[in-house]
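K.L.:
Structure here, sequence nowhere to be found:
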């Protein structure tokens, strides 16, 4: 199977999801370049809108990105009683920033993205996501998240890691040492949320990541959201709190349905929040027992 | 994109999921034939085990079928206080029967499958599913589910429709008239569960099906389960009750975790049951408001 064939893009990754592939029919390749960090492609698809592809892996499509962006943002935000200051690591398309600024208690959003080309290209080709950078609350730094956090201790209420999959440089974002950095950059009672792959794929990797997280965070949970254009059609998040008595499944901030609609949230609700932490029995056993 | 190319099978359906396709790497085509009703293929895949394909659509793979079979069975069974007599329409691979007989209150399972070739080939190539037919509780009839139900009124506590997607003959299983038949074949307080596609795909079809169901059932719900080898990585079910006061989200029979494990349920639990009905805000609004 070829990555590009007869007008289709196929997501083939023998190391991450051998033997399976999701394909999207492509109308037009809008842009392709090799930045300092990665291969970047932006394509117009037949039925999924615009699609950002990094190193051959689909990052987001206009049709279903809201599920990912809303959940990686509102799961941790709503687990925190007062999430005033938020750090986003990665997230160069702007989608997470767009969601985070919606939360009425959020005052400042700091974002560190390593690849300025992703930001620039998103502004040009993915304006419905990159609009996240337009908010006055958002301060974007181009640089390395690790270095940034080393210089910002005890500062944030919530840190969201919107990374690519654990291959290449992003491997570091799944290590125990990364969770230690996160802990140190958080204020007391702080909350984190990190992309954590699919439990249908690398089970042991997810468990190992949770274990590494658990060394520094007394409360660790795993939640999922449905995203058709991701491998296995969904993606998991590690959500963790420095507050040992926090019940991650139960949002401290419960928005009414009318508020959810007013915030233009299409996926997230308090009910969806709780449900996202209910894992299939075999996963629950493997992760928690 | 071709359906079979360079050792991969690609699920291409321009009418049902245009512009997207899921592919599995194939080790060996074990069997292919055209039965009276459909094209049947059974393939050995690289990473999803054995896979049954009907008319070019993946029906189940050994790796993830349990999620579907357990949920289509235990969602309705656990919504019924005493599900002694169950009817399965379709389900020729035997996977649903395998799950239904696990429920300790189930005494009799009647199954009507139209295509005996699916049953025979499943017995030969998919024994871990077709073992469902081995139970003494199961009585299999080869025939038309519509005709069968016309002759069996007021007989069943639970009816499960394990159908293929709404193209060709299966279109009828999504019509209002089908739900009328189901109602009449049920005893008072009976429960149904039917395969109902993905809310990411044909939204209006799902809503229309729920509406048709709602004409005959006072309580109608929609639940989902994660199945990587299905389009968009998940599938929905319509669950409906003749008992207007039944809260479908709340199982009447709550199995302890130890019971779940003893029943060899890998996906279903009471928590997963409730979570399955929590729909993304935009879907909830579209379906219920």
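P.N.:
Alright, I've got the coordinates. None of the values given here were measured: they were computed from a predicted structure. Numbering: from 1, shown residues only, chains lettered A, B, ... in the order given.
K.L.:
Using the record's assignment, carve chain A into domains.
P.N.:
In terms of domains, chain A is parsed into A:4-61, A:65-288 (source: automatic domain parsing).
K.L.:
what ranges do the helices span in the stretch 1-150 of chain A?
P.N.:
Using DSSP state H, counting those that start in this stretch, the helices of the stretch 1-150 of chain A run over residues A:65-77, A:95-100, A:116-125, A:127-130, A:145-150.
K.L.:
ranking the domains of chain A by burial, who's on top?
P.N.:
The highest mean neighbour count among the domains of chain A belongs to domain A:65-288 (a mean of 20), with neighbours defined as mean count of other CB atoms under 10 Å in any protein chain shown. Using the backbone N, CA and C atoms, a C-beta is placed for each residue, glycine as well.
K.L.:
picking that back up, for residue A:3, which of the helices of the stretch 1-150 of chain A is the nearest?
P.N.:
With respect to residue A:3, and counting by CB to CB, the nearest of the helices of the stretch 1-150 of chain A is helix A:116-125 at 19.5 Å.
K.L.:
give me every residue that touches residue A:156.
P.N.:
For residue A:156, the residues meeting the contact criterion (CB atoms under 8 Å, 6 or more residues apart in numbering or on different chains) are A:85-87, A:110, A:185-187, A:190.
K.L.:
quick one: which of the residues you listed sit in strands?
P.N.:
The members of the contacts of residue A:156 that map onto strands under DSSP state E are A:85-87, A:110, A:186-187, A:190.
K.L.:
returning to that earlier point: the domains of chain A: which one's closest to residue B:163?
P.N.:
Closest of the domains of chain A to residue B:163 is domain A:65-288, at 20.5 Å (criterion: CB to CB).
K.L.:
Confirm that residue A:170 sits in a helix.
P.N.:
Yes: the assignment for residue A:170, made by DSSP: H, G, I helix; E, B strand; the rest coil, places it in a helix.
K.L.:
surely residue A:80 meets residue A:192?
P.N.:
No: at 10.3 Å, residue A:80 does not count as touching residue A:192 under the criterion of CB atoms under 8 Å.
K.L.:
would you list every one of the strands in the stretch 101-250 of chain A?
P.N.:
Listed from the start of the chain, the stretch 101-250 of chain A has strands (DSSP state E, counting those that start in this stretch) covering A:108-113, A:138-142, A:156-162, A:186-195, A:219-226, A:234-241.
K.L.:
Nearest to residue B:212, out of those?
P.N.:
Comparing these by CB to CB, strand A:219-226 comes nearest, at 24.7 Å.
K.L.:
give the contact list for the residue of the stretch 101-250 of chain A found nearest chain B.
P.N.:
For the stretch 101-250 of chain A and chain B, the shortest gap (CB to the nearest CB) falls at residue A:233, measuring 1.1 Å. By CB under 8 Å, 6+ apart, residue A:233 lies in contact with A:226-227, B:226-228, B:230, B:232-234.
K.L.:
Quick check: closest non-adjacent residue to it.
P.N.:
residue B:233 (1.1 Å; CB to CB, 6 or more residues apart in numbering or on different chains).
K.L.:
Flag every residue of the stretch 151-289 of chain A that's near chain B.
P.N.:
Where proximity means CB under 8 Å from any CB of the partner chain, the interface of the stretch 151-289 of chain A facing chain B comprises A:198, A:200, A:224, A:226-234, A:257, A:260-261, A:265-269, A:271-272, A:274-276, A:278-282, A:284-285.
K.L.:
and the ones in strands among the contacts of residue A:156 as a markdown table, adding pLDDT?
P.N.:
Formatted as a markdown table, the entries for the ones in strands among the contacts of residue A:156 read as follows, by pLDDT from 0 to 100:
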| residue | pLDDT |
| --- | --- |
| A:85 | 98 |
| A:86 | 98 |
| A:87 | 98 |
| A:110 | 98 |
| A:186 | 98 |
| A:187 | 98 |
| A:190 | 98 |
